[in-house]
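Asker: Predicted model and sequence below, questions to follow.
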Amino acid sequence: QVQLVESGGGLVQAGGSLRLSCAASGRAFSSYVMGWFRQAPGRVRESVAAISWNGGSTMYSDSVKGRFIISRDNGKKTIYLQMNSLKPEDTAVYYCAAGPRMTMAEYSYGYWGQGTQVTVSS
(Lines give C-alpha, C1' and ligand atoms only; values in the text may rest on other atoms or scores of the structure.)
Protein backbone atom coordinates (compact mmCIF):
# COMPACT_ATOMS: atom_id res chain seq x y z
CA GLN A 1 0.00 0.00 0.00
CA VAL A 2 1.17 3.49 -0.86
CA GLN A 3 -0.54 6.69 0.19
CA LEU A 4 0.18 9.80 -1.86
CA VAL A 5 -0.33 13.46 -0.99
CA GLU A 6 0.30 16.24 -3.49
CA SER A 7 1.17 19.83 -2.60
CA GLY A 8 2.53 22.96 -4.20
CA GLY A 9 -0.33 23.94 -6.45
CA GLY A 10 -1.59 27.48 -6.71
CA LEU A 11 -2.21 30.46 -8.93
CA VAL A 12 0.58 31.70 -11.18
CA GLN A 13 0.82 34.03 -14.14
CA ALA A 14 1.63 32.74 -17.60
CA GLY A 15 5.36 32.34 -18.02
CA GLY A 16 5.86 31.63 -14.34
CA SER A 17 6.97 28.51 -12.51
CA LEU A 18 5.65 26.16 -9.85
CA ARG A 19 7.04 23.06 -8.21
CA LEU A 20 4.67 20.32 -7.19
CA SER A 21 5.55 17.73 -4.60
CA CYS A 22 4.07 14.32 -3.92
CA ALA A 23 4.87 12.76 -0.57
CA ALA A 24 4.42 9.02 -0.18
CA SER A 25 3.91 6.88 2.86
CA GLY A 26 3.94 3.14 3.09
CA ARG A 27 6.44 0.53 2.15
CA ALA A 28 8.48 -0.03 -0.99
CA PHE A 29 8.12 3.48 -2.41
CA SER A 30 11.48 3.15 -4.14
CA SER A 31 10.27 0.15 -6.11
CA TYR A 32 7.45 2.04 -7.81
CA VAL A 33 7.36 3.92 -11.06
CA MET A 34 5.83 7.31 -10.33
CA GLY A 35 3.80 9.49 -12.62
CA TRP A 36 2.12 12.86 -12.83
CA PHE A 37 -1.23 13.26 -14.51
CA ARG A 38 -3.59 16.19 -14.89
CA GLN A 39 -7.24 16.85 -15.56
CA ALA A 40 -8.59 20.13 -16.84
CA PRO A 41 -12.27 21.07 -16.43
CA GLY A 42 -14.41 19.19 -18.91
CA ARG A 43 -11.52 17.09 -20.18
CA VAL A 44 -10.27 13.59 -19.60
CA ARG A 45 -7.28 13.01 -17.37
CA GLU A 46 -4.02 12.97 -19.31
CA SER A 47 -0.51 11.85 -18.56
CA VAL A 48 2.17 14.45 -17.96
CA ALA A 49 5.37 12.65 -16.94
CA ALA A 50 6.73 9.46 -15.46
CA ILE A 51 9.92 8.48 -13.69
CA SER A 52 11.49 5.09 -13.10
CA TRP A 53 12.13 3.64 -9.65
CA ASN A 54 15.67 5.00 -9.45
CA GLY A 55 15.12 8.18 -11.42
CA GLY A 56 17.29 6.97 -14.26
CA SER A 57 14.55 7.12 -16.86
CA THR A 58 11.90 9.74 -17.48
CA MET A 59 9.08 10.24 -19.94
CA TYR A 60 7.09 13.35 -20.85
CA SER A 61 4.02 14.17 -22.86
CA ASP A 62 4.67 16.30 -25.92
CA SER A 63 2.69 19.17 -24.42
CA VAL A 64 5.11 19.62 -21.50
CA LYS A 65 8.41 18.35 -22.91
CA GLY A 66 11.13 20.94 -22.47
CA ARG A 67 9.14 22.86 -19.86
CA PHE A 68 8.46 20.37 -17.04
CA ILE A 69 10.94 18.24 -15.13
CA ILE A 70 10.03 15.21 -13.05
CA SER A 71 12.37 14.04 -10.30
CA ARG A 72 12.33 11.92 -7.18
CA ASP A 73 14.09 11.58 -3.86
CA ASN A 74 13.66 8.04 -2.59
CA GLY A 75 15.19 8.91 0.76
CA LYS A 76 12.41 11.44 1.32
CA LYS A 77 9.78 9.29 -0.41
CA THR A 78 8.88 12.28 -2.54
CA ILE A 79 8.58 13.08 -6.21
CA TYR A 80 8.54 16.52 -7.76
CA LEU A 81 7.29 18.21 -10.88
CA GLN A 82 9.11 21.42 -11.73
CA MET A 83 6.87 23.36 -14.09
CA ASN A 84 8.40 26.23 -16.03
CA SER A 85 7.11 28.56 -18.73
CA LEU A 86 3.58 27.82 -17.63
CA LYS A 87 0.70 28.43 -20.03
CA PRO A 88 -3.01 28.94 -19.36
CA GLU A 89 -3.62 25.54 -20.95
CA ASP A 90 -1.61 23.95 -18.13
CA THR A 91 -4.46 24.82 -15.77
CA ALA A 92 -5.70 21.57 -14.25
CA VAL A 93 -5.81 19.42 -11.17
CA TYR A 94 -2.52 17.58 -10.99
CA TYR A 95 -2.33 14.06 -9.60
CA CYS A 96 0.60 11.85 -8.71
CA ALA A 97 0.35 8.11 -9.03
CA ALA A 98 2.38 4.97 -8.36
CA GLY A 99 2.58 1.83 -10.44
CA PRO A 100 4.73 -1.17 -11.32
CA ARG A 101 5.70 -0.40 -14.92
CA MET A 102 7.52 2.38 -16.74
CA THR A 103 4.66 3.71 -18.79
CA MET A 104 2.48 6.78 -19.08
CA ALA A 105 -0.64 4.69 -19.47
CA GLU A 106 -3.09 5.60 -16.73
CA TYR A 107 -4.41 2.05 -16.31
CA SER A 108 -1.00 0.88 -15.06
CA TYR A 109 -1.10 3.08 -11.97
CA GLY A 110 -2.89 1.62 -8.98
CA TYR A 111 -2.28 4.27 -6.33
CA TRP A 112 -3.38 7.87 -6.67
CA GLY A 113 -3.25 11.05 -4.66
CA GLN A 114 -6.15 13.46 -4.24
CA GLY A 115 -4.72 16.10 -6.53
CA THR A 116 -3.60 19.71 -6.29
CA GLN A 117 -5.01 22.60 -8.32
CA VAL A 118 -2.78 24.57 -10.64
CA THR A 119 -4.23 27.69 -12.23
CA VAL A 120 -2.29 29.71 -14.80
CA SER A 121 -3.65 33.15 -15.56
CA SER A 122 -3.06 34.88 -18.86
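Answerer: Structure received.

Asker: Spell out the secondary structure type for the residue nearest the centre of the chain.
Answerer: Most central in the chain under Cα atoms, centre = their mean is Trp36, positioned 2.4 Å from the mean C-alpha point. Put simply, Trp36 is strand when judged by DSSP: H, G, I helix; E, B strand; the rest coil.

Asker: what pairs with it across the strands?
Answerer: Ala49, Cys96 (DSSP bridges).

Asker: Isn't it up against Ser21?
Answerer: No. Using Cβ atoms under 8 Å, Trp36 makes no contact with Ser21, being 10.9 Å away. For every residue, glycine as well, the C-beta is placed using N, CA and C.

Asker: Give me the common contacts of those two.
Answerer: Contact criterion Cβ atoms under 8 Å, 6 or more residues apart in numbering; residues shared by Trp36 and Ser21: Ile79.

Asker: ok, now which ones touch Ala97?
Answerer: Applying Cβ under 8 Å, 6+ apart, the residues near Ala97 are 4, 34-37, 106, 109-113.

Asker: mind running it again at 10 Å?
Answerer: 2, 4, 22, 32-37, 45, 47, 50, 79, 106, 108-113 (Cβ atoms under 10 Å, 6 or more residues apart in numbering).

Asker: got it, and Pro41?
Answerer: 91-93.

Asker: Ranking by neighbours, what's the top pick from the residues you listed?
Answerer: Most neighbours among those, by other Cβ atoms under 10 Å: Ala92, with 22 neighbours.
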